[in-house]
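In: quick one, fold the following:
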Amino acid sequence: MVGTRNQALGGALLVVAYTGLIASADGITKLLAGQYAAAQLYALSGAMVVGFCLLADRLPAQRGGFRTRCPRAMTLRSVATLIAAVCFFYAFRLLPFAEVFVFIGLMPLLAGAMSGLVLKEPVRPAAWIALAAGFCGVLFLLPHGNADAHASWGHFVAFGAVLSGTFSMTMARFIGRYESNALAQVFYPNLTLCGAMLLALPFVWVPMPLADVGWAAAYAFLLFGARWLLVVALRLMASYAVTPLMNLQFIWMAVIGSVFFGEFPPATTYIGGAIVIASGLYLVWDQFAPALPRLRGQGRLQTDP
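Out: Just a heads-up that it's a prediction; the model follows:
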């Protein structure tokens, strides 16, 4: 019991660290999104992350190289990561920084649904109730009346980003059933991202000053650390327990948006965020508090460590 609690606590701390790293990386994405195409940023940063992986593979504590026992699942994760990266890039270009969070806040709820559909984990009725509440939160952000068409497109792209991003995380959880090589799960998605963006790079390349190259390098370093931490956390905890903790990104994103971009979202953004956070936390409470004895029984989720 103590070991299980320590494992859960360790996973939770990793997710908290992840939120700080990924929110900072997202801030750099928004900073560069208005000046460069997605292909330029991701070809450069993807190559850097691949390089970081190659360096990390030389560490004495790292074993297994980049071998994987789940090539098809790794391919699906890599493609989903590619789609999510491109969609998030344009979502940050079209929408205020904190507003994108409300869509990110749907990821715990989508993870609960995908756990049943993809991982064959049982999904309780409360998961569907929480999912419906989360969508109600998103409705506070949808444009009304004579809203900007670009904002409407931005909402659609943001939803595509979280949908593909959640599927990528679900595949990470699936792969974690069979192997503990976290580095491979960082290496292959970024190799796919870099390779795909290199194909488009000649058509969109714009010369970058040294300062922007530095920002891209910082983004790559933060992304490398964040994704490695998340893969390890997903091995220690089920995805429906990990993703609600990711809602801490709202705090980071609201602060970064106001301090660095001068964005002060309307009250509806905070109302929508509060609804999404509450629905995610309720899902966690429903999974662990009232049903704890049942979950320890024979029906325990097969993907849990």
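In: any idea how far Leu234 is from Val50?
Out: Computed as CB to CB, to the nearest Å, the Val50 to Leu234 distance reads 21 Å. (Each C-beta comes from the backbone N, C-alpha and C, glycine too.)
In: and if you look at Ile129?
Out: For Ile129, the distance to Leu234 - CB to CB - is 24 Å.
In: over to Arg67?
Out: For Arg67 relative to Leu234 (CB to CB), the value is 19 Å.
In: the two - which one has more neighbours?
Out: Higher neighbour count among Arg67 and Leu234: Leu234, with 28 against 9, using other CB atoms under 10 Å.
In: next, the contact list for Ala39, please.
Out: Applying CB atoms under 8 Å, 6 or more residues apart in numbering to Ala39 gives the contacts Met197, Leu198, Ala200, Leu201, Phe203, Val204.
In: check which helix or strand covers it.
Out: helix 38-56 (DSSP states H and E).
In: which helix or strand contains the closest residue to Gly225 other than its chain neighbours?
Out: In space, and not counting its chain neighbours, Gly225 is closest to Leu21: 5.2 Å by CB to CB, 6 or more residues apart in numbering. Per DSSP H and E, Leu21 falls inside helix 2-33.
In: buried ones among the contacts of Ala39?
Out: Among the contacts of Ala39, those that count as buried by neighbour count (16 or more other CB atoms under 10 Å) are Met197, Leu201.
In: please report how far the residue nearest to Gly225 lies from Glu99.
Out: Going from Leu21 to Glu99 by CB to CB gives 21 Å.
In: over to Tyr219?
Out: According to CB to CB, Tyr219 stands 21 Å off from Glu99.
In: try Val49
Out: With distances taken as CB to CB, Val49 is found 27 Å from Glu99.
In: below-threshold pLDDT in the stretch 101-250 of the chain: ranges please.
Out: Residue ranges of the stretch 101-250 of the chain with pLDDT under 70: 101, 105, 108, 121-124, 126-128, 130-131, 134-135, 137-151, 237-245, 247-250.
In: rerun that using 50 as the cut-off
Out: Counting by pLDDT under 50, the stretch 101-250 of the chain has low-confidence residues at 144-150.
In: can you show me the helices along it?
Out: Along the stretch 101-250 of the chain, counting by DSSP state H, counting those that start in this stretch, helices occupy 107-117, 125-139, 149-176, 182-204, 210-236, 239-245, 249-260.
In: and those, which is most packed in?
Out: Mean neighbour counts were taken over the helices of the stretch 101-250 of the chain using mean count of other CB atoms under 10 Å, and the top value, a mean of 26, falls to helix 239-245.
In: now do Thr192 against Ala85, distance only.
Out: In terms of CB to CB, Thr192 sits 10 Å off from Ala85.
In: coming back round to it: show me what the helix holding Leu21 is packed against.
Out: In this structure, helix 2-33 makes packing contacts with helix 38-56, helix 71-94, helix 97-104, helix 210-236, helix 239-245, helix 249-260, judged by 3 or more CB pairs under 8 Å, 6 or more residues apart in numbering; DSSP states H and E.
In: mind redoing it with 7 Å?
Out: helix 71-94, helix 210-236, helix 239-245, helix 249-260 (3 or more CB pairs under 7 Å, 6 or more residues apart in numbering; DSSP states H and E).
In: now these as CSV including distance to Gly176?
Out: Below are those laid out as CSV (distance: least, CB to CB, whole Å):
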stretch, distance to Gly176
helix 71-94, 10
helix 210-236, 4
helix 239-245, 9
helix 249-260, 22
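In: mind checking which of those helices is nearest Ala278?
Out: Ala278 lies closest to helix 239-245 among these, at 10.2 Å (CB to CB).
In: nearest to Gly11, of the helices of the stretch 101-250 of the chain?
Out: helix 210-236 (3.5 Å).
In: quick one: that closest one to helix 107-117, angle?
Out: Angle, helix 210-236 to helix 107-117, by axes from the mean of the first three to the mean of the last three CA atoms, to 10 degrees: 50 degrees.
In: elements contacting helix 210-236?
Out: helix 2-33, helix 38-56, helix 149-176, helix 182-204.
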